[in-house]
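> Just a sequence and a predicted model for now, questions to come.
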Amino acid sequence: MTMTFAGAIGIFLAGALTLAIFSFLYKDNPVYKFAEHLFVGTSAGYWFVYNYFNVFKPNVEVAWKEAVGFWDYFHVVIPVLLGILMLMRLIPSVSWISRWAMAFSVGMTVGLNTITELETNILKQIGATLSPFASLHFNNGGLGASVNAIIILLAVLAALVYFFFSKEHTGGYGHIAKVGIWVLMITFGASFGYTVMARISLLIGRVQFLQTDWWVAIKHIIGLG
Amino acid sequence: MFWKRQFPILITAFVAVVMIAAYFIPKPGIADTRDNLQVWFQIVVMFTMILGLLNLLFVSWHKARKGRKEDRFYNWVTIFSLLGTIVAGFFGINSPAFDFIFNNIYTPLSATIFSLLAFYVASASFRAFRAKSIMATILLITAFIVMLGRVPLGDWISGWAQGTSLGFLYLPNITNWIMEVMNMAGQRAVLMGAALGLIATGIKIILGIERSYLGGE
Amino acid sequence: MTFLEKLDRLDRRIIFLIIGIAVFVPLLFRVPIKVVQSPIVQDIYEGIQALPEGSTIMLSFDYDPSTLAELQPMAEAVVKHCIQKKHRMVFMGLWPQGPKLAQGIMDEMAPRYNLQYGVDYVNLGYKTGGIVVISSLGSSIADPFPTDMNGTPLRELPIFDNVKTLRDFAYVVSLSAGDPGIKHWVMIAKDRFKVPVGGGVTAVSAPAFYAYYNSGQLEGLMGGLRGAAEYETLIDTPGTASYGMNAQNWAHLMIILFIIIGNTTMLVLKRRKEKSRVR
Amino acid sequence: MKRLLFTVILISAAFFSLSAQESEGTFTAEDVKYDSGGSVDLAWNLPGLEESQTLEIYRVFNGSEGKIIQNKDLSGRFTDRNLNLKGSYSYVLRVMNEDGTVAKEIAAGPVLPVASWFSMKRAIVLAALIIIFYLITHYIRASRRGIEFTIRKIPALESVDEAIGRATEMGKPILFVPGIMDIDDVQTVAGIIILGEVASKTAAYDATLNVPVSRSMVMSTARETVKESYLKAGRPDAFNENMIHYLTDDQFGYVSGVDGIMAREKPAAIFMLGTFYAESLILAETGNSIGAIQIAGTAMPSQLPFFIAACDYTLIGEELYAASAYLSGQPHMLGALKGQDMAKLFIMTILIIGTVLTLLFPPVGAWIINVFSNIG
């Protein structure tokens, strides 16, 4: 991989910042504070630039230049107006008007989320819990799948009982709720164990970066320096 | 008062109902309005980002000049890194300056903070997975088994059971069973419960019963 | 404070240090690890291994740098396997940065195994449209990709002499971090044009694809770093995944020890306290 | 049962029409009814294919021809999707000999893949929405008519007072983290409602409240909500707008900022209520390293394991939404919660009845599963 001097400096900086963040594991220190504030500023700037090029430019600047007819202008002016209303938040005397823009965006996502949650997280989950029962057979190898289907059904019912709020978890009903929280504990234990590998591989990626790219960059700089 | 209280609620209800109707009535006319509203939404979110940036600048500027002596330098760092990134951005999203900042400052910082999770997963496992109660014990044992079943260590320990009549003792099989049955059931219950909570809150917002997102009177 | 009490309230920085070493050392000494194979990964290996020498494989890079840690080792393993079997490789991507990642691999591999661009491998680049791109490949490759990534028309690339449509590929490998991705390759390449499809996904999304594997729509699947390590063991050339899996092994071992130590100290201290109160 | 009878008649009619013209094979293309448009159903049935012959289907759209299917299936069905709603499509089925010559050709169409006024496949979603809407509003009206609704004990919420009291005694601040998503995310809205309740307690206890936010709209909403709580608690003087301050929109920029606040100001009580992603464990572990009482809550299944492992109390999924009713005790909130419980009961009955029906009457069961599974 051909390495320019500027490239080496860049990678050296990346490695140094990596160690600066790792230093927080030892204790909060000025180097970490520098990296933290650098990151707060850079990330805020990055998101602004990212949104300018991917949202503002295509949907406002370009749309305005190519607008033809009332409706094209309408679809640029109204959202920009709503956006400016949002900025009124900065002027205390008129800040209440920013609620109109906020109301618009809350309405948007309530409308979207209500349907997608209902379809994906309730109806399709019911369908998925019922469908193994269509091909239930206890002979030649079907035993495992059938038992699993029944266990899933009972576990889902017990966990749903745990989420009941209008009745205290006491008596027989309380026992089902207890089984329900046990199912949830198994679920959370399992997903904790399952994701440990994903978290470790993040660290593996950083250590491999330090051991290979950063080390090569340092040798490159020293070699030339 | 109408313009401060009732009118915002009307906007929310109207927009939400249009979005829900667009789902049920797939006629092109309504589908176009839905797509236009979604583009409007992205533009409004863009302006709220400008609001956030200005707030970050004011707060950092204030602290940089009147804040605690030892913190002033760091707030200048935030201000200059923010302005620097925006200026670099205006040379083009793949200009060398912006690429340098993205590849050598933003990506390593973001990836390294994400990788801190590997350390915190370890310290949480040591400190939190204590068999203090039945529930904590179930959590701990399940995490223990699933972890073992995911790495070669688990294969070595239970390799002998693979393929034999005691096949179910082969750790990766146990891990797969826990993930495909117990974890699946638990996730479904949490998803259904949370979805109901979300839909109920959404209905209350549309009917104007739930107004706290607008803040005070 | 007895040793056990100190151990019970072990300073978290010691734990951080142990985990740091458990990851740093295996990676430094490049100690690969043999990983037990699962059928779902073996099936891809055998699928590509069984193809006659010199058949043409489509490799679609449908991910971006954020999932590089898990998917790049898979890509490298499959490419090494294709080179071993002298298969001809056509690269493309349904995600913008995908083809650049493929380019990164080939810049390193081509000189080492003296592969000739245009004859042994070609990179078609990125085309937006996801599933629409795949279905137009069905009628002819030149439809969505009139030229390759560097602008040379397909006519001038010998690799396309007898490969005109998706149907003429012997195998499709999709490395996918989400949508558009392997799901769409299965829906079009396999269901409509009967071209075998295999590939690799991140560990988190692997379980969701088992249904496609059981129904036979998916030839096989690599899930996360473990899947990549299994494939590296199969082609018998250790790579980043095998070194990574060794670090995973040590790190998981340490975490498991932490859980055991944490609980035993707690139990011993509790019993000791009860004994002292009883006396 | 009417629907079942109707489908049986349809199948037998189709079967008869097919057998009439046995010899030549059939190829039909029709617009899919009651859908959101853009899809055409193709069906073909051929008498026989020699070993060497393959079948190819081409879609013809304003002059240009594109191959969409190539295989050897004698008969089959296929739905061609995402077509132009205003376009007219026709299809050509060709049986190709090995040497590329066309053995047989059947044309079908033209067809207009129009969208209809209502998509039948989404009827179940409409029905479910109406049922849930009725349950929620019915119990809200009941609670407004004065009917009392109780709510079970939620351990995480019992400890809110204890946590704030402890922080005040130690003279340390209380940190409230409303998650990293914007005010349009309903989990964030639930978090802000709970912030209102917590703020009224910090006003009463005269404790210092610190609310770092990652979205500007959350900042403005939180400021208004906290201001109102301080007014209601009779402490307008104690309210200062900078208690709620913006850090950055970026997930890990925000986390490193909040970690810095925790390390430096060492709050005694930390609330983490809203939407969280991978950063949940970093916040919870750093909070734990400074010995703070931590009460967390989210409906993100992937993050609950980390909160449960690292925090003192955790609100699991729906408990986050129930918390506002629990803390405020407002009748309409308790009523809506009762409605949610009834909806859960309804889901459980569907699961039980669905299973029984699927086991006893497989065709009816298959229909139920089909209705719940392929929506769209």
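Yep, that arrived. Numbers count the residues shown, from 1 in each chain, chains lettered A, B, ... in the order given.
> in chain D, which helix has the most residues?
helix D:331-360 (DSSP state H).
> how far does the longest helix anywhere in chain B sit from the chain's center?
In chain B, taking DSSP H as the definition, the longest helix is helix B:28-66. Centroid separation for helix B:28-66 versus its chain: 18 Å, with Cα atoms, centre = their mean, to the nearest Å.
> returning to what we had before: what helices and strands are in contact with the longest helix of chain D?
helix A:124-130, helix A:142-162, helix B:184-206, helix D:123-144, helix D:318-328, helix D:362-373 (3 or more Cβ pairs under 8 Å, 6 or more residues apart in numbering or on different chains; DSSP states H and E). C-beta: built from backbone N, CA, C; applies to glycine.
> ok, and the closest non-adjacent residue to D:Ser159?
Counting by Cβ to Cβ, 6 or more residues apart in numbering or on different chains, D:Tyr313 is the residue found nearest to D:Ser159 once chain neighbours are left out, at 5.5 Å.
> and that neighbour, what does it touch?
D:Pro155, D:Ala156, D:Ser159, D:Gln294, D:Ile295, D:Ala296 (Cβ atoms under 8 Å, 6 or more residues apart in numbering or on different chains).
> between those, which has the most around it?
D:Ala296 (29 neighbours; other Cβ atoms under 10 Å in any protein chain shown).
> Helix or strand: which one has the most centrally placed residue in chain B?
Centroid-nearest residue in chain B, with Cα atoms, centre = their mean: B:Phe114, separated by 13.0 Å. Taking DSSP states H and E as the criterion, B:Phe114 maps to helix B:107-128.
> May I have the following helix or strand past that helix exported as PDB, CA atoms only?
Remark: after helix B:107-128, the chain's next helix or strand is helix B:134-148, criterion DSSP H and E. Extracted C-alpha coordinates of helix B:134-148, given in PDB (Å, rounded to 0.1, in the frame of the first residue of the first chain):
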ATOM      1  CA  ILE B 134     -33.100 -16.200  41.300                       C
ATOM      2  CA  MET B 135     -33.600 -13.800  38.400                       C
ATOM      3  CA  ALA B 136     -30.000 -12.700  38.500                       C
ATOM      4  CA  THR B 137     -28.900 -16.400  38.600                       C
ATOM      5  CA  ILE B 138     -31.000 -17.200  35.500                       C
ATOM      6  CA  LEU B 139     -29.500 -14.200  33.700                       C
ATOM      7  CA  LEU B 140     -26.000 -15.300  34.600                       C
ATOM      8  CA  ILE B 141     -26.300 -19.000  33.800                       C
ATOM      9  CA  THR B 142     -27.900 -18.200  30.400                       C
ATOM     10  CA  ALA B 143     -25.200 -15.700  29.400                       C
ATOM     11  CA  PHE B 144     -22.600 -18.100  30.600                       C
ATOM     12  CA  ILE B 145     -23.900 -21.000  28.400                       C
ATOM     13  CA  VAL B 146     -24.500 -18.800  25.300                       C
ATOM     14  CA  MET B 147     -21.000 -17.300  25.600                       C
ATOM     15  CA  LEU B 148     -19.400 -20.700  25.900                       C
END
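> Show me what helix B:134-148 is packed against.
helix A:171-209, helix B:171-177, helix C:240-278, helix D:304-310.
> what about residue 26, how many residues close to it?
Going with chain A. Counted with other Cβ under 10 Å, A:Tyr26 comes out at 11.
> right idea, wrong chain: chain C
For C:Pro26, using other Cβ under 10 Å, the count is 23.
> and the longest helix of chain D with helix D:362-373, angle?
Here the directions of helix D:331-360 and helix D:362-373 differ by 140 degrees (axes from the mean of the first three to the mean of the last three Cα atoms, to 10 degrees).
> Just the buried residues of helix D:331-360, please?
Using 16 or more other Cβ atoms under 10 Å in any protein chain shown as the test for burial, helix D:331-360 gives D:331-344, D:347-348, D:350-351, D:354-355, D:357-358.
> relative to helix D:123-144, how tilted is it?
140 degrees.
> hey, where'd the helices end up in the stretch 201-350 of chain D?
D:216-232, D:251-265, D:280-289, D:304-310, D:318-328, D:331-360 (DSSP state H, counting those that start in this stretch).
> I'd like those helices as a markdown table, with distance to A:Ser43 and mean pLDDT appended.
As requested, the helices of the stretch 201-350 of chain D are exported to a markdown table (distance: least, Cβ to Cβ, whole Å; pLDDT from 0 to 100):
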| stretch | distance to A:Ser43 | mean pLDDT |
| --- | --- | --- |
| helix D:216-232 | 14 | 86 |
| helix D:251-265 | 3 | 85 |
| helix D:280-289 | 15 | 87 |
| helix D:304-310 | 22 | 85 |
| helix D:318-328 | 27 | 87 |
| helix D:331-360 | 37 | 91 |
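> re earlier: now for the longest helix of chain B, which elements pack on it?
Against helix B:28-66 (3+ Cβ pairs under 8 Å, 6+ apart) you get helix A:30-51, helix A:70-87, helix A:98-116, helix B:6-24, helix B:69-89, helix D:216-232, strand D:244-246.
> re earlier: now the helices and strands packed on helix D:331-360 in CSV, with mean neighbour count and distance to C:Glu70?
Output for the helices and strands packed on helix D:331-360, formatted as CSV (neighbours: other Cβ atoms under 10 Å in any protein chain shown; distance: least, Cβ to Cβ, whole Å):
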stretch, mean neighbour count, distance to C:Glu70
helix A:124-130, 21, 26
helix A:142-162, 19, 28
helix B:184-206, 26, 21
helix D:123-144, 18, 35
helix D:318-328, 25, 31
helix D:362-373, 17, 30
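> Out of these, which is closest to A:Ser201?
Closest to A:Ser201 of these, according to Cβ to Cβ: helix B:184-206, at 22.3 Å.
> Any part of that closest one near chain C?
No. Figure legend: helix B:184-206 not in contact with chain C (Cβ under 8 Å from any Cβ of the partner chain); closest approach 8.7 Å.
> Please work out the average pLDDT along that helix.
Here helix B:184-206 scores 91 as its mean pLDDT.
> what angle sits between it and helix A:98-116?
Using the same axes, to 10 degrees, helix B:184-206 lies at 140 degrees relative to helix A:98-116.
> Alpha carbons of helix B:184-206, as CSV, please.
These are the backbone C-alpha positions of helix B:184-206, laid out as CSV (Å, rounded to 0.1, in the frame of the first residue of the first chain):
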residue,chain,number,x,y,z
MET,B,184,-37.3,-15.7,20.4
ALA,B,185,-40.3,-16.0,22.8
GLY,B,186,-39.0,-13.3,25.1
GLN,B,187,-38.2,-10.9,22.3
ARG,B,188,-41.7,-11.4,20.9
ALA,B,189,-43.4,-10.6,24.2
VAL,B,190,-41.2,-7.4,24.7
LEU,B,191,-41.9,-6.3,21.1
MET,B,192,-45.7,-6.8,21.5
GLY,B,193,-45.8,-5.1,24.8
ALA,B,194,-43.7,-2.1,23.7
ALA,B,195,-45.7,-1.8,20.4
LEU,B,196,-48.9,-1.6,22.4
GLY,B,197,-47.4,1.1,24.7
LEU,B,198,-46.3,3.0,21.6
ILE,B,199,-49.6,2.8,19.8
ALA,B,200,-51.5,3.8,22.9
THR,B,201,-49.3,6.9,23.3
GLY,B,202,-49.7,7.6,19.6
ILE,B,203,-53.5,7.5,19.9
LYS,B,204,-53.4,9.8,22.9
ILE,B,205,-51.2,12.3,21.0
ILE,B,206,-53.6,12.2,18.0
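> does chain D sit close to it?
Yes. Remark: helix B:184-206 sits within contact range of chain D at B:187, B:190-194, B:196-205, by Cβ under 8 Å from any Cβ.
> Check stretch A:193-211 too.
Yes. Against chain D, stretch A:193-211 shows contacts by Cβ under 8 Å from any Cβ at A:Thr195.
> cool, and stretch A:38-53?
Yes. Applying Cβ under 8 Å from any Cβ, one finds stretch A:38-53 touching chain D at A:Phe39, A:Val40, A:Gly41, A:Thr42, A:Ser43, A:Ala44, A:Tyr46, A:Trp47.
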